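> Sharing a sequence plus its predicted fold:
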There are 2 protein chains.
Amino acid sequence: MARKKSGFVLALDIGGTKLAVGVFDSSHGLLGRAVIPTHAEEGPDRVLERFIELAESLVRQLGLEHSQLSRIGVGCGGPLDAETGIIYSPPNLPGWDAFPLKKKLEEHFGVSAFIDNDANAAAMAEQLFGAGKGYKNIFYITMSTGIGSGVILDGKIYRGTNFSAGEFGHIVVARNGPRCNCGGRGCLEALASGTAIARKARREAARKPESVLSQKPFSDSGLTAKDVVAAARRGDSLAKQIFLDAAVYVGLGITTAIHLLNPEIVIIGGGLSRSGKLLFDPIRQTVEERAQEYIAGFVRIVPAKLGKDVGIYGALAVALERCPSS
Amino acid sequence: MARKKSGFVLALDIGGTKLAVGVFDSSHGLLGRAVIPTHAEEGPDRVLERFIELAESLVRQLGLEHSQLSRIGVGCGGPLDAETGIIYSPPNLPGWDAFPLKKKLEEHFGVSAFIDNDANAAAMAEQLFGAGKGYKNIFYITMSTGIGSGVILDGKIYRGTNFSAGEFGHIVVARNGPRCNCGGRGCLEALASGTAIARKARREAARKPESVLSQKPFSDSGLTAKDVVAAARRGDSLAKQIFLDAAVYVGLGITTAIHLLNPEIVIIGGGLSRSGKLLFDPIRQTVEERAQEYIAGFVRIVPAKLGKDVGIYGALAVALERCPSS
């Protein structure tokens, strides 16, 4: 592993299920990484304590010293204030109410910490290191249990008035659609997220005994969106129909987003983005059918490139964006 | 009328039904204005010729001389290229195919001409002179026969990759909605524009003889959205229901837009924005019901302030935005 003498960056990715840390050298080379479960139920102080232990242990294992640390970048579920670095009760991190993450990290490590929400972080990572290289206007979507997005306009992340731009999961795609966790109704997330796909599959499978989804190993309450994708790939018609329905809603959402934002590229990341043609074919077809040619004709819709490491690359991108020179 | 010795600005507003010209002094004071019908069927060259005659006649009447003209600002229906100033077949200007408007104006007047689409122009005008003063993140909507928008982010108009950002009329609000003129389906414009409201009113009125809408003076094919507003104000239940339905769709569209753009203020202009509570009450209620509190709670939804002169103030704003110093 090539290692530079100058400062390294600690990249922290805080998710509802896992905590990931990456150590990058000053040339953005990944020196090492580590992952542990979040155990969000322990509350922010204990979670942060374990995360810091993990990071320090990784730094030691890499033979680096504290004094070489130049800065910290963090991607975390929102809502949060990207300037003060305070976290405001993300749905996936119960108890993180006005939690001063930036301050705690800076006090502990003695260097500057920069914080942004995970979708913005991932968008910036794809711009710097992935599918968004060379593009100025990027709409990055993450599709996993939830749906989010990051908006890069004229080369810069656009955060919005109170750091809440890019809430793609909560655009309305169905006037009389199902209730969403957010309190709304007919949000994209309520119709096309991994959670929504799994919920629909469990409900429908109970009524369609001929479907693979109603048989083992799929027949229990643990049926996931990944299982639906697997069943659809094997040709199960119920699974195909459920996934197609969700993908068309994503296509409608993208049609809407590109009419407002007129981006050059739409990048789709997150676990569901690895569904390949099953996801991308109906999305592209829907956009082609619904969007105006002078907008659709200027935009590419592609999968993200960074895969599972997008979290730590995102955290690195957050650190670089705030202070690109050092 | 106060008049400055230094250069004046010619502000040209090119619409499908009327051409408006305003002459502004260097302090943005409106010295005079004039309006004529477009007669778009005459084609771009003849329309432009008549428009130039109108402008020159107004300049003469104001006692100004050609040599005092400092620049020209133009608002025009899109699509268009705001840099080259070429117009690409706007639906309301048949025959303006790759029409080099900027070049023609500059050749004729011998000063720089700056061109933008009418919704962007109006957004900038509201930012400089109207309801958007003091705001950095503005979502401006225009509701009349069609629906459009202009997006101001971090204080600057955001034009998008090929000058097509802010196509709010063509976001999708109904998966199985009616056909739209754009070739899509379920676009906001197909459900909530003046044209859509009038079309629905004509269709429904034929089946509801008890409605005011099916009686004179409303009973002919000339029934307009304005008539629906008037009938709704008089308590006609069919008119109220048709207008409410459209306003709820606009509220859903705004819910979507604010989740993507997280603006401080949504400003609604255009003819339908003068419907008052009839429009704004259901919009605000829909946004309150559908949007997340941490987004909806940070945004005001207000009517535009510039009224019918927004076109020429918009054209002035276009000229100022490109070259604010002179």
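That came through, no problem. A quick note: this is a predicted structure, and the numbers were derived from the prediction, not measured. Residues are numbered from 1 along each chain as shown, chains lettered A, B, ... in the order given.
> Stretch A:96-106 near chain B at all?
No - for stretch A:96-106, no contact with chain B is found by CB under 8 Å from any CB of the partner chain; the gap never falls below 12.8 Å. In this view, the C-beta of every residue, glycine as well, is placed from N, C-alpha and C.
> For that stretch, what is the distance to the chain centroid?
Mean-position distance between stretch A:96-106 and its chain equals 21 Å (CA atoms, centre = their mean, to the nearest Å).
> residue ranges for the helices of chain A, please.
According to DSSP state H, chain A carries its helices in the segments A:44-61, A:101-109, A:118-129, A:188-192, A:194-205, A:225-233, A:237-261, A:277-290, A:293-296, A:310-322.
> Which residue comes closest to A:L10 once chain neighbours are left out?
Distances taken as CB to CB, 6 or more residues apart in numbering or on different chains place A:I72 nearest to A:L10, at 4.7 Å, with adjacent residues excluded.
> Let me fix that, I meant to ask about A:F243.
Distance criterion CB to CB, 6+ apart; nearest residue to A:F243, sequence neighbours excluded, is A:A232 at 4.9 Å.
> State the distance from that neighbour to A:A192.
14 Å (CB to CB, to the nearest Å).
> Tell me which of those two has more neighbours.
For A:A232 against A:A192, the residue with the higher neighbour count under other CB atoms under 10 Å in any protein chain shown is A:A192, and the figures read 28 against 22.
> follow-up on the earlier one: tabulate the helices of chain A (CSV), appending distance to B:F8 and mean pLDDT.
Output for these, formatted as CSV (distance: least, CB to CB, whole Å; pLDDT from 0 to 100):
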stretch, distance to B:F8, mean pLDDT
helix A:44-61, 61, 97
helix A:101-109, 52, 98
helix A:118-129, 44, 98
helix A:188-192, 49, 98
helix A:194-205, 58, 94
helix A:225-233, 62, 95
helix A:237-261, 36, 98
helix A:277-290, 45, 98
helix A:293-296, 35, 94
helix A:310-322, 44, 96
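> Share the number of residues neighbouring whichever residue of the stretch 201-326 of chain A sits closest to chain B, please.
Minimum separation of the stretch 201-326 of chain A from chain B (CB to the nearest CB) falls at A:N262, amounting to 2.7 Å. When counting by other CB under 10 Å, one arrives at 25 neighbours for A:N262.
> Tell me the residue of the stretch 101-250 of chain A that sits nearest chain B?
Nearest to chain B in the stretch 101-250 of chain A, going by CB to the nearest CB, is A:G160, at a distance of 2.6 Å.
> Identify the spatial nearest neighbour of that residue, chain neighbours not counted.
Computed as CB to CB, 6+ apart, the closest residue to A:G160 that is not its neighbour in sequence is B:N262, at 2.6 Å.
> I'd say the one you found and A:H170 touch.
No - in this structure, B:N262 is not within contact of A:H170 by CB atoms under 8 Å, at 11.3 Å.
> do you know how far the residue of the stretch 101-250 of chain A closest to chain B is from B:V151?
From A:G160 over to B:V151 the distance is 12 Å, taken as CB to CB.
> Looking at those two, which is more packed in?
Between A:G160 and B:V151, B:V151 has the larger neighbour count (other CB under 10 Å), namely 27 against 24.
> Next one: the residue nearest to A:L10, what pLDDT does it get?
Reported pLDDT at A:I72 in the predicted model: 98.
> For it, grab the count of nearby residues.
The number of residues near A:I72, taken as other CB under 10 Å, comes to 24.
> on that earlier part again, shared neighbours, A:G160 and B:V151?
In terms of CB atoms under 8 Å, 6 or more residues apart in numbering or on different chains, A:G160 and B:V151 are both contacted by the residues B:L261.
> My guess is the residue nearest to A:F243 contacts A:A239. True?
Yes - A:A232 lies in contact with A:A239 (CB under 8 Å); the separation is 4.0 Å.
> For the closest residue in space to A:V47 that isn't next to it in sequence, list the residues it contacts.
When the adjacent residues along the chain are set aside, A:V47 lies closest to A:T38, with 6.1 Å between them (CB to CB, 6+ apart). With CB under 8 Å, 6+ apart as the criterion, the residues that contact A:T38 are A:14-19, A:47, A:93.
> Separate out the buried members of the residues you listed.
For the contacts of A:T38, a neighbour count by 16 or more other CB atoms under 10 Å in any protein chain shown gives the buried set as A:14-15, A:19, A:47, A:93.
> Relative to chain B, which of these is nearest.
Among the buried ones among the contacts of A:T38, A:L93 lies closest to chain B (CB to the nearest CB), at 15.0 Å.
> picking that back up, wait, isn't the residue of the stretch 201-326 of chain A closest to chain B in contact with B:T161?
Yes - in this structure, A:N262 sits in contact with B:T161. The criterion is CB under 8 Å, and the distance is 5.0 Å.
> Identify the contacts common to those two.
Taking CB under 8 Å, 6+ apart as the contact rule, A:N262 and B:T161 both touch A:137, A:298-299.
> Out of those residues, who's the most crowded?
Of all those, A:N137 has the most neighbours under the rule other CB under 10 Å, reaching 25 neighbours.
> From B:S149, how far off is the residue lying closest to that residue once chain neighbours are set aside?
Across the structure, with CB to CB, 6+ apart as the measure, the residue nearest A:N137 apart from its sequence neighbours is A:P263 (4.3 Å). A:P263 sits 16 Å away from B:S149 when distances are taken as CB to CB.
> Compare these two (neighbour count), which wins?
In this view A:P263 and B:S149 are compared by other CB under 10 Å, and B:S149 has more residues nearby, 31 against 28.
> Is that one bridged to anything, and to what?
Beta bridges link B:S149 to B:I141, judged by DSSP bridges.
> A:D97 and B:S149: what is the separation?
For A:D97, the distance to B:S149 - CB to CB - is 35 Å.
> actually A:G297, not the one I typed
Taken as CB to CB, the spacing of A:G297 relative to B:S149 amounts to 21 Å.
> Return the residues of the stretch 51-200 of chain A in contact with chain B.
Counting by CB under 8 Å from any CB, the residues of the stretch 51-200 of chain A close to chain B are A:79, A:88, A:136-137, A:149, A:151, A:153-154, A:158-168, A:170-175, A:182-186.
> same thing but 6 Å
A:79, A:137, A:153, A:158, A:160-162, A:164-165, A:167, A:170-172, A:182, A:184 (CB under 6 Å from any CB of the partner chain).
> In the stretch 1-150 of chain A, where is pLDDT below threshold?
Within the stretch 1-150 of chain A, the ranges that satisfy pLDDT under 70 run A:1-6.
> burial measure for A:H39, as a count.
Here the count is done by other CB under 10 Å, and A:H39 has 13 residues near it.
> Check A:V248 too.
As a burial measure, A:V248 scores 20 neighbours (other CB under 10 Å).
> which ones are touching it?
Taking CB atoms under 6 Å, 6 or more residues apart in numbering or on different chains, we find A:V248 in contact with A:282, A:286.
> hmm, try it at 10 Å
Listed by CB atoms under 10 Å, 6 or more residues apart in numbering or on different chains, the contact set of A:V248 reads A:173, A:191-192, A:282-283, A:285-286, A:289-290, B:175.
> With A:E204 instead?
The contact partners of A:E204, taken as CB under 10 Å, 6+ apart, are A:211, A:213-214, A:228, A:238-239, A:241-242.
> and what of A:A11?
With CB under 10 Å, 6+ apart as the criterion, the residues that contact A:A11 are A:20-24, A:30, A:33, A:55, A:71-75, A:121, A:125, A:309, A:311-320.
> Just the buried residues of those.
By neighbour count, with 16+ other CB under 10 Å, those hold A:20-24, A:33, A:55, A:71-75, A:121, A:125, A:309, A:311-320 as buried.
> Show me chain A divided up by domain.
The record's domain split for chain A, according to automatic domain parsing, is A:8-118+A:309-322, A:131-305.
> any idea how far A:I141 is from A:P303?
Separation of A:I141 from A:P303 (CB to CB) stands at 10 Å.
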